[in-house]
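Chemist: have a look at this prediction, sequence included:
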Amino acid sequence: MSNSAEKPEVVQLPADPPAVAPVASRRAAAQRVREARDRLTSSSGTRPAFDSELLRQYAQTRLSASYVVMLLIVATGVLFGFWMPPVSAAAWTCGLLCVHTAIIRSCGQFISAQPKLIEIRRWRTRFIVLDLLYGLGWTALLIHPSGFDPVSNTLIMFLMLLVVAVSSMLAASLPIAALAATAPVTAAIAVNFALSGTFDNYVLALLAIAAEGYFALLAHRLHTATLATLEARAEKDALIGELEQAKAISDEARHRAEAANVAKSRFLAQMSHELRTPLNAILGFSEVMKSEIFGAHAVPVYREYSADIHNSGVHLLNLINEILDLSRIEAGRYELNEEAVSLVHVVSDCHHLLKLRASNRGITIHEVFEHAMPRIWGDERAVRQIVLNLLSNSIKFTPQGGEIWLKVGWTASGGQYLTVKDTGSGIAEEEIPIVLASFGQGSNSIKSAEQGAGLGLPIAKSLIDMHGGTFTLRSKIRIGTEVIVTFPPERVMSALGPMSEDAPPLQPDHAGARAGETPTVSRNKAILSAGTGL
């Protein structure tokens, strides 16, 4: 026997997760590509922008310490004037000052030049050559034959350490220039001490070489720290640029979303009128044909067709109303018409409206209401829609012979709650956010014969949020679903006590009353006492 008339079971296959690379992975890949490109285009293995910045820091450091270096040269020339002929010392001082002046002038020209016109390789070579000349100038003085007595050795060693330290610190941004300024001095001093042939001078030669290595390592560490600082600043600038770009993209997306929302609102406002107008005719004439007001149909099946047309029109009208309500809620145009509402009375009315539908499916609805509950301040239409949506969903997804419990009572904080609990098929935990979203449906809803638009729960949740309450959905597969709606204590209307102040008189004083006269009607006695219990 064929089972083609039965509804096939729809199995929803799990979708493959989109292969989207994380932001950190994309950023790391882009950084690796950028570093490789920079190594190919840079002369020092760093980014071209870093080369220019390092040279700029070198020039600024040289300019800031120009007077200190000049004072060191002059003081050294004066000091060595006592060990060597004054003319030679003066010539050396003038020559080294000329080299120092050339360095300062080149640094000033580099800083004043436009960044786009700077040739990094040419300026780097110039600075290295000038530092080499500077180091050779110190070498010519320190290897001058002045004897190898302890005083001379101490003076030469002290000056060498001072020159190497100052040059290493000043040229730390350009390690090659620092090496060019200090290596000739150290090499000449070490060779000079080694040629003397004494043990003490051998020790001084080793100390000179060790000092050169130490200051070279220190200059390298300073260069590395400076480079790390520049990289951190570049990364910060890149992140700021990404944030600004992301902000611009988000602003553009927000403007598009706002424009789309306005277009949607206009479309719904226009289409609501265009759809309701023919629906009124469809509902009216199908009602007339279904009721056979103008006579019985010649073919009895036409009566059933008219009923189907009328039911379909009612379903379509309800769907249009739900879509319009949701659009107004999302646009913030849904206004609450607040008044005193009895939650127990509203739930009872909704139960009576859907009782026949539940009875046809063999579903039993139990009412558990607390007595003497005061009214709440809210929109009766919205509260009624919340209860109808929740109860309709429970009836729809509860199998025959199931049970539904309606509970109304007090919350622990003094508010009121409404609970709709059923013994239906339930909702998977991972599908709860889906069913609470607009037009969202769970897998059980897709398999069910009574499919809806997926707007009942989102509308109910939005309406209770507008009342300042909470919406909680708990469900387990093959056990049931429970929806808890709470209204805050601020909306509970407690009984008001009598006014402590006396009511003012309704009639003013007589025009002819004289000052000091006692009026006929006492001002201290309330004229109306209705509802005060007096």
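Modeler: Received, thanks.

Chemist: for the chain, which spans come out with low pLDDT?
Modeler: Within the chain, the segments meeting pLDDT under 70 span 1-49, 115-117, 144-151, 268-269, 272-273, 330-333, 438-454, 495-534.

Chemist: can you pull out the strands in it?
Modeler: Secondary structure of the chain (DSSP state E): strands at 338-341, 364-369, 376-379, 403-410, 416-422, 470-476, 480-487.

Chemist: which stretches of the stretch 301-450 of the chain form helices?
Modeler: Using DSSP state H, counting those that start in this stretch, the helices of the stretch 301-450 of the chain run over residues 301-330, 343-360, 380-397, 432-435, 443-447.

Chemist: equivalent analysis for the stretch 151-300 of the chain, please.
Modeler: Listed in chain order (using DSSP H, counting those that start in this stretch), the helices of the stretch 151-300 of the chain are 175-194, 199-291.

Chemist: for my notes, please list those helices in CSV and give distance to residue 107 for each entry.
Modeler: Yep, even glycine has a C-beta here, placed from its N, CA and C like the rest. Listed next are the helices of the stretch 151-300 of the chain as CSV, based on distance: least, C-beta to C-beta, whole Å:
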stretch, distance to residue 107
helix 175-194, 11
helix 199-291, 17
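
Chemist: I'd like these laid out as CSV, including mean neighbour count and distance to residue 300.
Modeler: As requested, the helices of the stretch 151-300 of the chain are arranged in CSV below (neighbours: other C-beta atoms under 10 Å; distance: least, C-beta to C-beta, whole Å):
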stretch, mean neighbour count, distance to residue 300
helix 175-194, 22, 103
helix 199-291, 13, 12
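
Chemist: of the ones you listed, which is nearest residue 114?
Modeler: helix 199-291 (20.4 Å; C-beta to C-beta).

Chemist: tilt between the closest one and helix 301-330?
Modeler: When axes from the mean of the first three to the mean of the last three C-alpha atoms, to 10 degrees is applied, the directions of helix 199-291 and helix 301-330 differ by 140 degrees.

Chemist: other SSEs contacting helix 199-291?
Modeler: Applying 3 or more C-beta pairs under 8 Å, 6 or more residues apart in numbering; DSSP states H and E, we find helix 199-291 packed against helix 48-64, helix 150-170, helix 175-194, helix 301-330.

Chemist: please work out which of these is packed deepest.
Modeler: Most buried of the helices and strands packed on helix 199-291, by mean neighbour count (mean count of other C-beta atoms under 10 Å): helix 175-194, with a mean of 22.

Chemist: using CSV, write out every CA atom in it.
Modeler: Once side chains and other backbone atoms are set aside, the C-alpha atoms of helix 175-194 remain, and they are given as CSV (Å, rounded to 0.1, in the frame of the first residue of the first chain):
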residue,chain,number,x,y,z
PRO,A,175,74.7,51.0,14.9
ILE,A,176,76.9,50.9,11.8
ALA,A,177,77.8,54.6,12.4
ALA,A,178,78.6,53.9,16.1
LEU,A,179,80.9,51.0,15.1
ALA,A,180,82.6,53.3,12.5
ALA,A,181,83.2,56.0,15.2
THR,A,182,84.5,53.6,17.9
ALA,A,183,86.2,50.7,16.2
PRO,A,184,89.2,52.6,14.8
VAL,A,185,89.9,54.2,18.3
THR,A,186,89.6,50.8,20.1
ALA,A,187,91.7,49.0,17.5
ALA,A,188,94.5,51.6,17.5
ILE,A,189,94.6,51.7,21.3
ALA,A,190,94.7,47.9,21.6
VAL,A,191,97.4,47.5,19.0
ASN,A,192,99.4,50.3,20.6
PHE,A,193,99.3,48.7,24.0
ALA,A,194,100.0,45.2,22.6
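
Chemist: which helices and strands does it pack with?
Modeler: Based on contacts counted as 3+ C-beta pairs under 8 Å, 6+ apart, the elements that helix 175-194 packs against are helix 120-142, helix 150-170, helix 199-291.

Chemist: what do you get if the cut-off is 10 Å, keeping everything else the same?
Modeler: helix 48-64, helix 120-142, helix 150-170, helix 199-291 (3 or more C-beta pairs under 10 Å, 6 or more residues apart in numbering; DSSP states H and E).

Chemist: and residue 187, what does it touch?
Modeler: The neighbourhood of residue 187, defined by C-beta atoms under 10 Å, 6 or more residues apart in numbering, consists of 135, 139, 143, 208-209, 212.

Chemist: start to end distance for stretch 421-432?
Modeler: Stretch 421-432 stretches 16 Å from its first residue to its last (C-alpha to C-alpha, to the nearest Å).

Chemist: what are the buried residues along that stretch?
Modeler: If you call a residue buried by 16 or more other C-beta atoms under 10 Å, then stretch 421-432 has these buried ones: 421-427, 431-432.

Chemist: dump the helices and strands packed on helix 175-194 into TSV; add distance to residue 406 as well.
Modeler: Formatted as TSV, the entries for the helices and strands packed on helix 175-194 read as follows, by distance: least, C-beta to C-beta, whole Å:
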stretch	distance to residue 406
helix 48-64	71
helix 120-142	81
helix 150-170	84
helix 199-291	31
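
Chemist: quick one: contacts of stretch 124-132?
Modeler: Applying C-beta under 10 Å, 6+ apart, the external contacts of stretch 124-132 come out as 43-44, 51, 54-55, 58-59, 62, 99-100, 102-107, 109-110, 119, 167, 170-171, 173-174, 176-184.

Chemist: to residue 396, which of the helices of the stretch 151-300 of the chain lies closest?
Modeler: Across those, residue 396 has its closest neighbour in helix 199-291 (22.8 Å, C-beta to C-beta).

Chemist: starting at the chain centroid, how far to that closest one?
Modeler: Between the centre of helix 199-291 and the centre of its chain there are 9 Å (C-alpha atoms, centre = their mean, to the nearest Å).
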